[in-house]
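**Student:** Here is a sequence with its predicted model. Questions after.
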Amino acid sequence: MKTEKAAFAAGCFWGVEQLFDGVRGVVSTRAGYTGGHFDKPTYADVCRDATGHAEAVEVEYDPAKVKFEELLKLFWEMHDPTQDDGQGPDIGSQYRSAIFCHTDAQRKAAEKSLAEEQKKHEDKIVTQIVKAKEFWPAEGYHQKYYLSHAVACHLPVSALKKMGLAK
């Protein structure tokens with residue numbers, strides 16, 4: 001199986017990871033930090049909103065089972081891409097909306113999907129589409145957080161079924 005990676009920031013990474021984990025064709029996910037200027041950031045560093053990193057989820061997927069465009073579709077559905085530097089009560093650039101592209105094909109697909117998504121919104125979409133930088137995994141207690149805590153930061157997992165993406 002040949003896999004590819006993608007990284008998405010859409011607010012708190014706990015809910016983002018939960019949703020991507022539920023997608024057919026997703027092999028693995030990791031909560032972490034990317035997009036900043038600081039090596040080996042910790043949660044405390046990123047929470048100070050001074051490292052430039054976003055809370056993000058790295059998604060390893062099998063493109064024979066799920067297309068990048070389908071991951072983008074879920075990304076747009078799981079958060080408000082018009083909210084600048086935050087999602088809901090989580091405020092700060094570490095909670096920004098961003099797509100971290102690993103390839104030129106991902107960048108082109110992300111730009112096309114943003115243009116399509118903008119047609120659905122009155123307010124301007126503020127999602128960043130940027131080249132992927134080093135991904136720093138979050139501390140262990142952040143990984144698969146939803147498995148040990150009753151926390152729902154984003155769409156309910158049942159929404160995946162409605163979108164045709166559930167495992």
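**Tutor:** Looks like it arrived, so ask away.
**Student:** For residue 11, grab phi and psi.
**Tutor:** phi 100, psi -150 (degrees, to the nearest 10).
**Student:** no wait, residue 61
**Tutor:** Dihedral angles (degrees, to the nearest 10) for residue 61: phi -140, psi 160.
**Student:** so how far is residue 5 from the spatially closest residue to it that is not a sequence neighbour?
**Tutor:** Nearest residue to residue 61, sequence neighbours excluded (C-beta to C-beta, 6 or more residues apart in numbering): residue 26, at 4.9 Å. No exception for glycine: its C-beta is placed from N, CA and C like everyone else's. Using C-beta to C-beta, to the nearest Å, residue 26 is found at 11 Å from residue 5.
**Student:** And stretch 54-74, end to end?
**Tutor:** Using C-alpha to C-alpha, to the nearest Å, the end-to-end distance of stretch 54-74 comes to 19 Å.
**Student:** now do stretch 110-126
**Tutor:** First-to-last distance for stretch 110-126 - C-alpha to C-alpha - comes to 13 Å.
**Student:** Run through who's touching it.
**Tutor:** 69, 72-73, 76, 81-84, 96-97, 99, 101, 127, 129 (C-beta atoms under 8 Å, 6 or more residues apart in numbering).
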